[in-house]
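K.L.:
Return atomic coordinates for the entry below.
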Amino acid sequence: MGDNNNVNLPPGFRFSPTDEELVVHFLQRKASLLPCHPDIIPDLHLYPYDPWDLDAGKTMAVGNKWYFYSRITNETRITGNGYWQPVGVDESILSSSNHKVIGTKKYYGFYMGDEPPQGHKTNWLMQEYRLSHSSASTSSSNRSSSRRSTTHSTNYSKWVICCRGEVT
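P.N.:
Numbering: from 1, shown residues only. Presented below is the predicted three-dimensional model:
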């Protein structure tokens, strides 16, 4: 597990995106209803799962990291046996071409227990990549010109990319 075995990439190719590449080539395209090539990051509703339940069958595994799209349904990140607690400071993700903020990376630690502050810290960490407000607005306007049609109303600016792993 964790060596790109569940990814259909040609031999010699590896999935090792920069923060900017995750935002521009995957998250912005997802929010704009445009196809991602290759389409290798799966959709997953994160919060019913404890971190050890997210294996390569549900996520895109690379080394000790698991990537997946998730939708922000609320700011509470509670699972069956614990919760994801924000840690550290949010990091801005800048475009290399014009140095404008295109997204944000937020860090979370997983705690066992019912609610803060009674939880016990674990070794599980997650990075959550979000579009900046201006990128989300651009993605929303691109949606109207997209060739893909949807039969239901979905706010795709609420998509995030999560990268979850265990620190040993």
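K.L.:
In three-state terms, label R130 for me.
P.N.:
strand (DSSP: H, G, I helix; E, B strand; the rest coil).
K.L.:
Return the distance of it relative to A31.
P.N.:
Distance, R130 to A31, by C-beta to C-beta, to the nearest Å: 10 Å. Quick note: C-beta positions are derived from backbone N, CA and C, even for glycine.
K.L.:
Between the two, which is the more surrounded one?
P.N.:
A count of neighbours by other C-beta atoms under 10 Å puts A31 above the other of R130 and A31, at 25 against 22.
K.L.:
Provide the backbone phi and psi angles at the more buried one.
P.N.:
phi -70, psi -30 (degrees, to the nearest 10).
K.L.:
can I assume it is in contact with Y129?
P.N.:
No - the criterion here is C-beta atoms under 8 Å, and A31 misses it with Y129 at 11.4 Å.
K.L.:
the bottom helix or strand of the protein by mean pLDDT?
P.N.:
helix 133-145 (a mean of 53; mean pLDDT, DSSP states H and E).
K.L.:
Which SSE is immediately downstream of that helix?
P.N.:
Once helix 133-145 ends, the next helix or strand along the chain (criterion: DSSP states H and E) is strand 159-166.
K.L.:
Which other helices and strands does that next one contact?
P.N.:
When contacts are defined as 3 or more C-beta pairs under 8 Å, 6 or more residues apart in numbering; DSSP states H and E, strand 159-166 packs onto strand 65-71, strand 120-131.
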